[in-house]
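>>> Let me see the structure of the following:
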Amino acid sequence: MNGPAVPAQTGAEPSSAGGQGIFPPAWLPETVPVSLYRLVVAAGLMVVAYYASKLARQMLGRRVARYFDRPSVTQTVLRGLQAAIVLAAALTALGFFGLGFGNIALSVGVFSAVVGIVLAPIIGNVISGVFVLSEQPYEIGDMIELSDTETKGFVEEITLVYTKVFTLDNTFMVLPNGTMRERDVINYSAEDTRIRMTLDVGVTYESDIDVARTQMESAARAVDAVVNGGPGIRIGAARYPASPSCYIREFGDSEVSLRLRYWANEPYKQTTVRSRVMTEVWRRFDEHDIEIPYPHSHMVFDDTSGELQVSTREATAAAESRPGGATTRQGDKAADGGGGGDRPAVDGAEGDGGGDGDAGESGADGSEDGGDGPADAATDPP
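Predicted coordinates:
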């Protein structure tokens, strides 16, 4: 009596995970392990899926770019397409080992619950990346400035997790999207690459204010990177003159404050343009005798400051320079009082007359009296 029939072995068998895996074909030797065969097939599928995702990105890249019209969104969609193809291939490869989708979902859920604290910042950055892409605060190629660090640079790449900025100092900054949404970001080239700059200069009240304003405007026009004229530049509902304009800002205690406003063509040349404009203003002010006031210091001595000996004299000739910054007079002589009782006069002090004993008065070029004696040269105090 024959027993119950045993079903023949097929290309799949039950597995401990509840699914069915694949088995080697009949033409392969039986010495090839099943696990090795499954591993090779799964690896081959992943390689094919990787290159297929790159090919799909190349074929659909232009269509997606025309549809979204934003480089950052286009790159995000194409990356998502690649990830979907690779993820589908990975799930299929896991099926080769007998792992079903239900088991995979359960494993992922348990794993996510265990490492949820670790993944929380990444998930937060992904959510912030979605808002960055939807709100459009900046785009790839825009020049931005981080106001808290005063760092300027160009946006190189925007992903769901981070934003990469290429700074003007030739360095890269990778900033999580979570922090980018929390800080103030200044965009210099979102709509128009032209940027308005301001220069405040004070001139003395004795200067010609009209000439000073004209020369400041001409100085800005002389710089190549400055917009010299043309139609007004519209910002929202306002329209500003494109050519440089100088206004009187305020009347200060010791100066008239002037403000020059001008437009630069490229935002990344702000420092260079400002320096050139200031250099040109300085040169033109010097040519037209326009003075820029500067503070003066005065020394005040009272009863608690001690004593300071000060002598004054009237110079008669060019002073001869001494080492250490001191000077001496040439031709400054004091005349004696005549006779043998004369003495040299110190710093224009009075001399004794030799004949009649009367003191001679000191003059600008030396002391002279009624005596006939020769004049002695005045000496400086030690």
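>>> buried stuff in the lengthiest helix in the chain?
For the chain, the helix with the greatest residue count under DSSP state H is helix 34-68. Judged by neighbour count using 16 or more other Cβ atoms under 10 Å, the buried positions of helix 34-68 are 37-38, 41-42, 45, 49, 53, 57, 64-65. All C-beta spots, glycine's among them, are computed from the backbone N, C-alpha and C.
>>> OK, contacts around the nearest residue to residue 214 once chain neighbours are set aside?
What sits nearest to residue 214 in space, not counting adjacent residues and going by Cβ to Cβ, 6 or more residues apart in numbering, is residue 246, at 7.7 Å. For residue 246, the contacting residues are 212-214, 216-217, 258-261, by Cβ atoms under 8 Å, 6 or more residues apart in numbering.
>>> go again using 6 Å as the cut-off
213, 216-217, 258, 260 (Cβ atoms under 6 Å, 6 or more residues apart in numbering).
>>> Which one of these sits in the busiest neighbourhood?
residue 216 (27 neighbours; other Cβ atoms under 10 Å).
>>> So this structure: which segments form each domain?
34-114, 135-187, 195-287 (automatic domain parsing).
>>> gap between residue 238 and residue 196?
According to Cβ to Cβ, to the nearest Å, residue 238 stands 11 Å off from residue 196.
>>> who has more neighbours, these two?
residue 196 (13 against 8).
>>> The more buried one bridge partners, please.
Under the criterion DSSP bridges, residue 196 forms beta bridges with residue 263.
>>> gap between it and residue 268?
For residue 196 relative to residue 268 (Cβ to Cβ), the value is 15 Å.
>>> ok, back up a step: is it possible to get JSON lines of the domains of the chain that adds distance to residue 302 and mean pLDDT?
Shown next, in JSON lines, are the domains of the chain (distance: least, Cβ to Cβ, whole Å; pLDDT from 0 to 100):
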{"stretch": "domain 34-114", "distance to residue 302": "69", "mean pLDDT": "77"}
{"stretch": "domain 135-187", "distance to residue 302": "46", "mean pLDDT": "87"}
{"stretch": "domain 195-287", "distance to residue 302": "25", "mean pLDDT": "92"}
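>>> Surely residue 68 and residue 78 touch.
No. In this structure, residue 68 is not within contact of residue 78 by Cβ atoms under 6 Å, at 10.1 Å.
>>> sorry, back to before: ok, of the contacts of residue 246, which one's closest to residue 286?
Distances from the contacts of residue 246 to residue 286 were compared by Cβ to Cβ; the smallest belongs to residue 216, at 13.3 Å.
>>> Report the buried residues of the helix or strand hosting that closest one.
With secondary structure defined by DSSP states H and E, residue 216 is part of helix 209-221. Buried positions in helix 209-221, judged by neighbour count with 16+ other Cβ under 10 Å: 212-213, 215-217, 219-221.
>>> Stretch 146-153 too?
146, 151-153.
>>> Tell me the secondary structure at the residue nearest to residue 214.
Secondary structure, DSSP: H, G, I helix; E, B strand; the rest coil: residue 246 is strand.
>>> what about the residue nearest to residue 71 when sequence neighbours are not counted, how many residues close to it?
Among residues not flanking residue 71 along the chain, residue 140 sits closest, at 4.4 Å (Cβ to Cβ, 6+ apart). Per other Cβ under 10 Å, the neighbour tally for residue 140 reads 16.
>>> what secondary structure does residue 140 sit in?
coil.
>>> any idea how far it lies from residue 154?
For residue 140 relative to residue 154 (Cβ to Cβ), the value is 9 Å.
>>> Then residue 143?
For residue 143, the distance to residue 154 - Cβ to Cβ - is 5 Å.
>>> Give the residue from the two that has the larger number of neighbours.
Taking other Cβ under 10 Å, residue 143 and residue 154 do not tie; residue 143 has more neighbours (22 against 18).
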